[in-house]
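Visitor: sequence plus predicted model, see below.
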Amino acid sequence: MKTAVICSGGLDSITLAYKTAKQRTLTRLISFDYGQRHKKELKCAAHHARALGVPHHIIDISAVGAALTGSALTDDVTVPDGHYAENSMKITIVPNRNAIMLTIAYGIASANKDDAVATAVHGGDHFIYPDCRPSFIKAFAAMQNEALAGVSNIELYTPFLDKTKADIVAEGTRLGVPFIETWSCYKGGKIHCGRCGTCVERQEAFNIAGINDPTGYEDPDFWIETCRIKKESGA
């Protein structure tokens, strides 16, 4: 199936791009500039589009992102340290982000006669982000079937929906994904901070998968205590 991949440039979406290129026909990567502070990931997405030999669409929705105030990813709000399974991480929610991006991606896919749109939502996202949950994915796919009825028949491809981050790391390793060329950190410094929720989740995933993490972190040990506390609390 001809499949367009929504690609932030992070570990999950880059792995999905390589998986799609291996198992389907990868037609394009679609990235979004929504005013996020960690734009390094867009450069990673561009790098992998070239490596995979497909077009890379960077859609500027920064004006929309500017109106979605209150998130630590788009506003002048401090990105919290800690694990994703903490309520403090809800400050990283950008309201309706996935719904907006998916709607645009579906339009691009329809215009280019693609058969599917792929997005790398996974099980670890369910606690924090409502537009990453299975119920949203099912409802969104149904909505798009109505929106494009008689025009296009596009599948919403979400192979990681019930997978863990460690599962994605393991699959990416099997696919030969160069993880060093992916960006996760929400703080957007010179290297990964090692303390924000997505850095902690990244390090934990490599550890659980039993795979060496090639990423450089400003604080490479913070995640250990954070994950220990999470485990002891039963979160």
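Guide: Alright, I've got the coordinates.
Visitor: now stretch 162-169: how far from the chain's centre is it?
Guide: 12 Å (CA atoms, centre = their mean, to the nearest Å).
Visitor: with stretch 2-10 instead?
Guide: Worked out by CA atoms, centre = their mean, stretch 2-10 lies 9 Å from the chain centre.
Visitor: for that stretch, buried residues please.
Guide: Buried residues in stretch 2-10, counted by 16 or more other CB atoms under 10 Å: 3, 4, 5, 6, 7, 8, 9, 10. Every residue, glycine included, has its C-beta placed from N, CA and C.
Visitor: dump it to PDB, restricted to CA.
Guide: The C-alpha atoms that make up stretch 2-10 are tabulated as PDB, following Å, rounded to 0.1, in the frame of the first residue of the first chain:
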ATOM      1  CA  LYS A   2       1.200   3.500  -0.800                       C
ATOM      2  CA  THR A   3       1.700   5.000   2.600                       C
ATOM      3  CA  ALA A   4       2.500   8.600   3.800                       C
ATOM      4  CA  VAL A   5       4.100   8.800   7.200                       C
ATOM      5  CA  ILE A   6       3.600  11.600   9.600                       C
ATOM      6  CA  CYS A   7       7.200  12.100  10.800                       C
ATOM      7  CA  SER A   8       8.300  14.400  13.600                       C
ATOM      8  CA  GLY A   9      11.900  13.300  13.400                       C
ATOM      9  CA  GLY A  10      11.600  11.500  16.800                       C
END
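Visitor: for it, give the mean pLDDT please.
Guide: Throughout stretch 2-10, pLDDT has a mean value of 97.
Visitor: stretch 190-198 too?
Guide: Averaging pLDDT along stretch 190-198 gives 92.
Visitor: and it, which residues are buried?
Guide: In stretch 190-198, counting by 16+ other CB under 10 Å, buried: 192, 193, 194, 195, 196, 197, 198.
Visitor: for this structure, which segments count as helices?
Guide: Applying DSSP state H to the chain gives helices spanning 11-23, 40-52, 62-67, 97-111, 134-147, 165-175, 197-209, 222-233.
Visitor: okay, buried residues for the second one please.
Guide: To tie it back to what came earlier, the one meant is helix 40-52. Quick answer for helix 40-52 (16+ other CB under 10 Å): 40, 41, 42, 44, 45, 46, 47, 48, 49, 52.
Visitor: equivalent analysis for the fourth one, please.
Guide: Of the residues in helix 97-111, those scored as buried under the neighbour-count criterion (16+ other CB under 10 Å) are 97, 98, 100, 101, 102, 104, 105, 106, 107, 108, 109, 110.
Visitor: per-residue pLDDT, the third one?
Guide: So that's residue 100. At residue 100, pLDDT is 92.
Visitor: in the chain, where is pLDDT below threshold?
Guide: 37-38, 69-80, 83-94, 126, 232-235 (pLDDT under 70).
Visitor: scan it for its longest strand.
Guide: Counting by DSSP state E, the longest strand found in the chain is strand 25-33.
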